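Undergrad: model the following, please.
(chains A, B and C)
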Amino acid sequence: MPSLKTLSTRKERLSPGHRLCAGCGASVAVRQILLSTDLPIVACCATGCLEVATTIYPFTAWEIPFIHNAFENSAATISGVETMYRALKKRGKIPADRKIRFIAFGGDGGTYDIGLQALSGALERGHDFTYVCYDNEAYMNTGIQRSSATPIGAHTTTSPCGEVEPGKRGYKKNLTQIVAAHDIPYAAQATPSYYMDLINKANRAIETEGPTFLNILSPCPRGWRAETTQWVELGKAAVETCIWPLYEVIEGKYVLNGVTQRIAEGKVQKRPLEDWLRMQGRFRHLFTEKNRPIIEAAQAKVDKDWERLKALASL
Amino acid sequence: MRCMPKVLPLNGDDAAAYAMKQIDPDVVAAYPITPQTELMQSFSQFVADGSVQTELIVAESEHSALSACVGACAAGGRVMTATSSQGLAYMWEILYIAAGYRLPIVMNVINRTLSGPINIHCDHSDTMGARDSGWLQIYGENPQEAYDNTIQAVRIAEHKDLRLPVMCCMDGFITSHAVERVELLDDDVVKDFVGEYVPTHPLLDIEHPVTYGPLDLYDYFFEHKMQEIDAMSHAEAVVREVSEEFGKIAGRRYSLLEPYAMDDAESAIIVLSSTAGTTRATVKAMRRAGKKVGMIKLRCFRPFPKDDMVRLLDGVKAVAVLDRSDGLGAYGAPVFNEVRNALFDEDFRPQIVNYVYGLGGRDIGQADIAKVYADLAEIISTGKVKQRVRYLGVRE
Amino acid sequence: MTEKPGWKTIPPGGLILAAGNAKEYKTGEWRTQRPVINKDLCSDCLTCWINCPDSSIVVADGKFKGFDLDHCKGCGICMAVCPKKAIRMEPER
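TA: Residues are numbered from 1 along each chain as shown, chains lettered A, B, ... in the order given. Now for the predicted structure:
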């Protein structure tokens, strides 16, 4: 794995001057992903923070070929691009030795929810591409509306905490395992706070043939109600509390990584979920006597999922 | 150079699929839906047999099918697809994007009504619902036209003055599933006619990276839309040019509309698609009986050939516009609206009435058409219109 | 202020042909605080560089060279991640 010094010699493929928020976790993730390989990339992005902020006409922050189509069809659009690449290669219109890699980006909105159909279809058809979900746990671009990736209890504008409702009801959907069930060559969870882990996984995902998937927890200080400087700590706490474990599914085999692996081995203490919740204003209302049961339910769910993941990794 | 035609008995679906085979597009992304299914099945067999080099994406929905078409076309190759009804409705948002990005995708739409209730038979509510999407709409009367239109559509869409996507429409079941005698051009004649596709700004040109689909704020969207509007203003000339060139190699001449017995017609019916055949047969019979009736088959609904229409109707006293869809809440149905609007500025003013017919595959025969001409005769003799918009063939 | 171009001059279909021209947009104007480096403490580990959302750490020959103040939004992540505490944030003047 190249060092940061080596990586720093690579051309940045997302230019500065994009209008993502100061301290945006998604833009760090995307930068790290695009630096993880030297190979030429064509990217597609679903409507959302990343797409909107990087392509406000007449400016584009993309130094590579890029297409945005609509909200729910990043995977379908890249299926078309990738298929045309194979079609033109077959006809000799693209040299046989030219290697181009295809990445479809989508937020949790455009992936977990409205984009799930297109993602599933593209994975099942076996297109040679990487899907990257930058999961900031809500429809952040349009002002923090809930998605199926929003954790239980979180305040969002469509699942607000109010006099009778305590924020989002229902747990976060486990998309990585839904994707893994498509039996694709490679799927992984990562977060940019552990950048070497993310870059390794991105490199592997992009350079593996066939459909691959990266689910990247992308802290959003704005939507999560935290300081921009806490961003790295937010990612680390998510991993250390096991609400966002770092793992890969390689040809169907679950492999835990880094801190997650060390927690499973008992070498590092698993932190209580509260540590992570407490860092974010969107969970502030849970810290009342009335809402404490939600924290307990959330903890129980994290524990249950964690046991399940360890069991999967032991197969 | 005239070629010796190969003749096959083909239904509309198979005729369009055969044209697609000869065009051999780089990518087809589609999803099956009745009554388009046979087209897709035929084409899938061509792919399976290696009769085409096309890469076929059997998408998991029409929305994804057209999305993949947009990706593939932007990537830099020739792309075709087909759908009907609910499928067209499902891909509706992407229609506007394909046109907005100026992608020359060619799509056969096998006209079938929009639910609900669900009905798999023919009417034009599906494509009429997309009439402002920026796609051209060319209606084919029979399997021969389905074949011919598909081939011409590629040249029309890709024309440097246009670069807009094109829908080739044919009536579901009536045309798509009815076997007729189709004259086919030789493979190399079709290949020569459509030529090589030369993409502009392909995504796969990695040395010249481009961004498709930016966010336009209110300071640029109108300008981008204006470019599309301007392109559409060239559509009539492009369709005419390509149709004439096609006529030279095929011997079948096309234009934006097709008049029949209009020279001295006192009354006329304006009609689209397969019902034009029924109407023509009725006109022939009535002409033999000495009635001065005529018809105009509207081949191109988008662009709407206003000047041709006005020229042909000059001197006609009563016109019935047959619509195979309704404009619920509008004053009359879509085609009626366009025709009446076209004539508003003219000094001559025929009486124009609207007949909405054939919804959900309700059959229409020569007796019905004769009745329309009888109504028009009454309008001419009394000078009165009892009812401007009528519904033909529905039970009260 | 220059007039914006009309529909006859811009590329058709909404295409942007100038890759990466977002660089011309000076997001540095968003800042309310700016990073300042203490070069004596800096070990050129490049942790700040890999964590900057705006590619605003300038690196050359594997060494920290400065901040791109045209684009730095002042989020303070570089300060937060620097293992040597070599970066501090100061109010934007």
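
Undergrad: what does chain C have sitting close to chain A?
TA: C:10, C:14, C:16, C:18-27, C:30, C:45-47, C:49-56, C:59, C:62, C:68, C:70-71, C:73-77, C:79-81 (Cβ under 8 Å from any Cβ of the partner chain). All C-beta spots, glycine's among them, are computed from the backbone N, C-alpha and C.

Undergrad: please repeat the previous calculation with a cut-off of 7 Å.
TA: Within reach of chain A by Cβ under 7 Å from any Cβ of the partner chain, chain C has these residues: C:14, C:16, C:19-25, C:27, C:30, C:46, C:49-51, C:53-56, C:59, C:62, C:68, C:71, C:73-77, C:79-81.

Undergrad: next one: chain B
TA: Within chain B, the residues that sit near chain A (Cβ under 7 Å from any Cβ) are B:26-27, B:29, B:53, B:55, B:57, B:59-61, B:63-64, B:67-72, B:74-77, B:93-94, B:97, B:203-204, B:206, B:209-217, B:220.

Undergrad: and A:Ile250, how far is that from chain B?
TA: A:Ile250 sits 26 Å away from chain B, going by Cβ to the nearest Cβ, to the nearest Å.

Undergrad: bridging residues for that residue?
TA: Counting by DSSP bridges, A:Ile250 is bridged to A:Tyr186, A:Lys253.

Undergrad: now A:Ala313: how far from A:Gln261?
TA: 9 Å (Cβ to Cβ, to the nearest Å).

Undergrad: just the helices from chain C, written as ranges.
TA: All helices of chain C, identified by DSSP state H, fall at C:47-51, C:77-81.

Undergrad: name the nearest residue to the closest residue to chain C within the stretch 51-200 of chain B, sequence neighbours excluded.
TA: Nearest to chain C, among the residues of the stretch 51-200 of chain B, is B:Arg102, at 3.8 Å (Cβ to the nearest Cβ). Nearest residue to B:Arg102, sequence neighbours excluded (Cβ to Cβ, 6 or more residues apart in numbering or on different chains): C:Gly13, at 3.8 Å.

Undergrad: which residues touch the one you found?
TA: Shown in contact with C:Gly13 (Cβ atoms under 7 Å, 6 or more residues apart in numbering or on different chains): B:100-102.

Undergrad: could you export the residues you listed as CSV, including distance to A:Ala300?
TA: Listed next are the contacts of C:Gly13 as CSV, based on distance: Cβ to Cβ, whole Å:
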residue, distance to A:Ala300
B:Gly100, 49
B:Tyr101, 49
B:Arg102, 54
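
Undergrad: columns pLDDT, neighbour count and secondary structure on top of these, output as CSV?
TA: Listed next are those as CSV, based on pLDDT from 0 to 100; neighbours: other Cβ atoms under 10 Å in any protein chain shown; DSSP: H, G, I helix; E, B strand; the rest coil:
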residue, pLDDT, neighbour count, secondary structure
B:Gly100, 98, 22, helix
B:Tyr101, 98, 25, coil
B:Arg102, 98, 26, coil
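
Undergrad: helices along the stretch 51-200 of chain B, start to end?
TA: According to DSSP state H, counting those that start in this stretch, the stretch 51-200 of chain B carries its helices in the segments B:62-75, B:85-90, B:92-100, B:125-128, B:143-158, B:187-194.

Undergrad: and the last one, how far out from the chain middle?
TA: Yep, that's helix B:187-194 we're talking about. Centre-to-centre, helix B:187-194 and its host chain are 22 Å apart (Cα atoms, centre = their mean, to the nearest Å).

Undergrad: now swap in the second one and tell me
TA: If you compare the mean C-alpha spot of helix B:85-90 with that of the full chain, they lie 16 Å apart, counting by Cα atoms, centre = their mean.

Undergrad: which secondary structure elements does that helix contact?
TA: If you count contacts as 3 or more Cβ pairs under 7 Å, 6 or more residues apart in numbering or on different chains; DSSP states H and E, helix B:85-90 packs onto helix B:62-75, helix B:125-128.

Undergrad: so for that helix, mean pLDDT?
TA: Helix B:85-90 shows a mean pLDDT of 98.

Undergrad: next one: the fifth one
TA: Over the span of helix B:143-158, the pLDDT mean works out to 98.

Undergrad: just to revisit the earlier point, make JSON lines out of the helices of chain C and add mean pLDDT and mean neighbour count.
TA: Listed next are these as JSON lines, based on pLDDT from 0 to 100; neighbours: other Cβ atoms under 10 Å in any protein chain shown:
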{"stretch": "helix C:47-51", "mean pLDDT": "97", "mean neighbour count": "22"}
{"stretch": "helix C:77-81", "mean pLDDT": "96", "mean neighbour count": "22"}
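
Undergrad: nearest to chain B, out of the ones you listed?
TA: Judging those by Cβ to the nearest Cβ, what sits closest to chain B is helix C:47-51, at 23.3 Å.

Undergrad: so what touches the closest one?
TA: Residues contacting helix C:47-51 (Cβ under 7 Å, 6+ apart): A:4, A:8, A:28, A:32, A:195, A:232, C:57, C:59, C:77-78, C:81-83, C:87.

Undergrad: could you redo the last one with a cut-off of 10 Å?
TA: A:4-5, A:7-8, A:25, A:28, A:31-32, A:35, A:192-193, A:195-196, A:198-199, A:231-232, C:35, C:37, C:42, C:55-59, C:64-65, C:67, C:75, C:77-84, C:86-87 (Cβ atoms under 10 Å, 6 or more residues apart in numbering or on different chains).

Undergrad: could I have the CA atoms of that helix written out in CSV?
TA: Only the C-alpha atoms of helix C:47-51 are listed here, as CSV (Å, rounded to 0.1, in the frame of the first residue of the first chain):
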residue,chain,number,x,y,z
THR,C,47,-2.0,13.6,7.9
CYS,C,48,-3.5,17.1,7.4
TRP,C,49,-3.2,16.7,3.6
ILE,C,50,-5.2,13.4,3.4
ASN,C,51,-7.9,14.7,5.7
